[in-house]
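# Below: sequence and its predicted model.
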Amino acid sequence: MELSLKIELDQLFSNIINHTDTLQSTLLGSNAIERYVVYKVEKKQGARSVSLIEPLEKAIKVYSDYECISPDSTKETSLYPGFIALNSEVVLKEGISEIVTTINTAKRDFKTFLDKYNKPKAIVLSQGPKVKLNPILYEAYPMKSPAQIFRAIKLFDPVVNMVHFKWVRKQRYDNLTAESAARIALYNIDKPPALDYSSSAWRTKVESVIEKLTKLPADTKLKRIKPAPHTPQIALRIQETSRWQKLHGSLPVILNIESIEQLKLTSELTDLNDLNFMDQMGLDKLGWKPICTELGFYRKHKL
């Protein structure tokens with residue numbers, strides 16, 4: 001990396017760190033926090049493990065956690081769903097909204113810089129060569145996760161009186177032709193699902209699927225239906241309108257409340273052990289029958 005790029009990168013990253021430190025010290029020193037609930041969500045043995053972060057000083061520090069779990073996989077990150085509930089008058093007095101805006105601007109500037117100068121590059125990792133989409137960041141800070149650095153901090157302006165946590169997952173639907181489905185199957189012929197198939201058994205199964213696809217009528221409707229990853233969601237009820245606002249739980253949202261007595265937590269976040277849920281009954285009702293559930297291939301049957 002050129003020295004001039006490294007200097008600019010360091011300055012942009014320092015801006016994020018310094019402004020985030022200001023937010024954390026302001027939150028801790030202003031007596032603004034009425035209540036907080038912050039979780040850490042991690043992948044453990046195919047499940048999602050949830051732990052409550054305490055005390056307050058440790059919970060506030062999640063805003064400055066930019067570390068990746070492994071430099072070999074910067075996509076593996078921790079999530080921190082939760083909320084920091086503040087007295088609305090103190091938020092205005094301490095300028096917390098302005099600090100949050102400054103942090104998010106610094107994060108966007110950092111991402112813009114990386115988008116401008118990054119070019120995919122093969123880097124040798126412990127597991128062998130791998131293409132890195134953020135080689136500049138990796139070379140400068142190998143243990144920093146771009147996903148965690150880029151996360152915006154949310155400050156929810158309306159006064160909130162109810163909070164609800166839950167797990168959500170949406171299924172993704174892609175239209176396919178038999179030809180495109182066969183190409184996808186062939187691409188995955190040497191990628192058996194972990195622990196479910198041996199390499200030879202998986203290859204045999206995929207070859208069978210490709211054969212089925214080639215024999216389908218030309219007008220057969222196909223979809224690839226894949227469940228997206230489970231994500232924690234936090235729902236906030238606005239006191240004035242009683243409407244709910246749903247947010248993705250990657251960092252604690254900063255809330256405005258009138259008092260701790262006025263805030264009700266209706267549901268907490270708990271461990272998630274069943275990650276393989278697919279709404280098969282719902283698909284059946286819509287007329288979609290599986291060709292290969294492991295690849296997500298379904299064909300339309302007339303009802």
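Okay, I see it. Numbering: from 1, shown residues only.

# How is L186 classified with respect to secondary structure?
Three-state call for L186 (DSSP: H, G, I helix; E, B strand; the rest coil): helix.

# again, but for the one 3 residues further on
Three states are possible here, and by three-state DSSP the one that applies to I189 is coil.

# next one: L251
L251 ends up coil, using three-state DSSP.

# Which strands and helices lie in contact with the longest helix seen in the chain?
As assigned by DSSP state H, the longest helix anywhere in the chain is helix 3-29. Using 3 or more C-beta pairs under 8 Å, 6 or more residues apart in numbering; DSSP states H and E, the elements in contact with helix 3-29 are helix 56-60, helix 96-117, helix 135-140. For every residue, glycine as well, the C-beta is placed using N, CA and C.

# Contacts for the longest one, please.
Looking back up the chat, that one is helix 96-117. 5, 8-9, 12-13, 15-16, 19-20, 22-23, 26-27, 30, 32, 86, 90-91, 134, 136-137, 146, 149-153, 155, 157, 254 (C-beta atoms under 8 Å, 6 or more residues apart in numbering).

# make it 7 Å
5, 8-9, 12-13, 15-16, 19-20, 22-23, 26, 91, 134, 136-137, 149-150, 152-153, 155, 254 (C-beta atoms under 7 Å, 6 or more residues apart in numbering).

# Make a PyMOL selection of the buried ones in those residues.
Remark: buried members of those, expressed as a PyMOL selection using 16 or more other C-beta atoms under 10 Å:
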select buried, resi 9+12+13+15+16+19+20+23+91+134+136+137+149+150+153+155+254
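
# which SSE is Y298 in?
Element membership of Y298, judged by DSSP states H and E, is strand 297-300.

# CA atoms of that strand as CSV?
The C-alpha trace of strand 297-300 is given here as CSV (Å, rounded to 0.1, in the frame of the first residue of the first chain):
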residue,chain,number,x,y,z
PHE,A,297,-34.9,-26.0,-6.2
TYR,A,298,-38.7,-26.2,-6.4
ARG,A,299,-41.1,-26.7,-9.3
LYS,A,300,-44.6,-25.3,-9.6
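
# Show me how far it is from its chain's centre.
Relative to its chain's centre, strand 297-300 lies at 28 Å (C-alpha atoms, centre = their mean, to the nearest Å).

# One more: stretch 180-189?
Per C-alpha atoms, centre = their mean, the centroid offset for stretch 180-189 relative to its chain is 27 Å.

# Residues in contact with it: which ones?
Residues outside stretch 180-189 that contact it (C-beta under 7 Å, 6+ apart): R203, V206, V209, I210, L213, T214, L222, R224, L295, F297.

# can you tell me which two in those residues are farthest apart?
R203 and L222 (21.7 Å; C-beta to C-beta).

# Among those two, which residue is more densely surrounded?
Per other C-beta atoms under 10 Å, whichever of R203 and L222 has more neighbours is L222, with 20 against 14.

# quick one, strands of this structure?
For the chain, applying DSSP state E gives strands covering 33-44, 47-52, 82-87, 121-125, 128-132, 155-168, 171-176, 222-227, 231-238, 244-248, 253-257, 264-267, 288-292, 297-300.

# quick one: average pLDDT of the fifth one?
This points to strand 128-132. What strand 128-132 shows for mean pLDDT is 48.

# try the longest one
The average pLDDT for strand 155-168 rounds to 92.

# swap in the third one?
Confidence over strand 82-87, taken as the mean pLDDT, stands at 93.

# and which of the contacts of stretch 180-189 is nearest M162?
R224 (38.1 Å).

# Could you dump the contacts of stretch 180-189 into TSV with distance to S49 and pLDDT added?
Output for the contacts of stretch 180-189, formatted as TSV (distance: C-beta to C-beta, whole Å; pLDDT from 0 to 100):
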residue	distance to S49	pLDDT
R203	34	91
V206	33	92
V209	34	93
I210	38	93
L213	39	92
T214	44	90
L222	37	90
R224	30	88
L295	29	88
F297	32	88
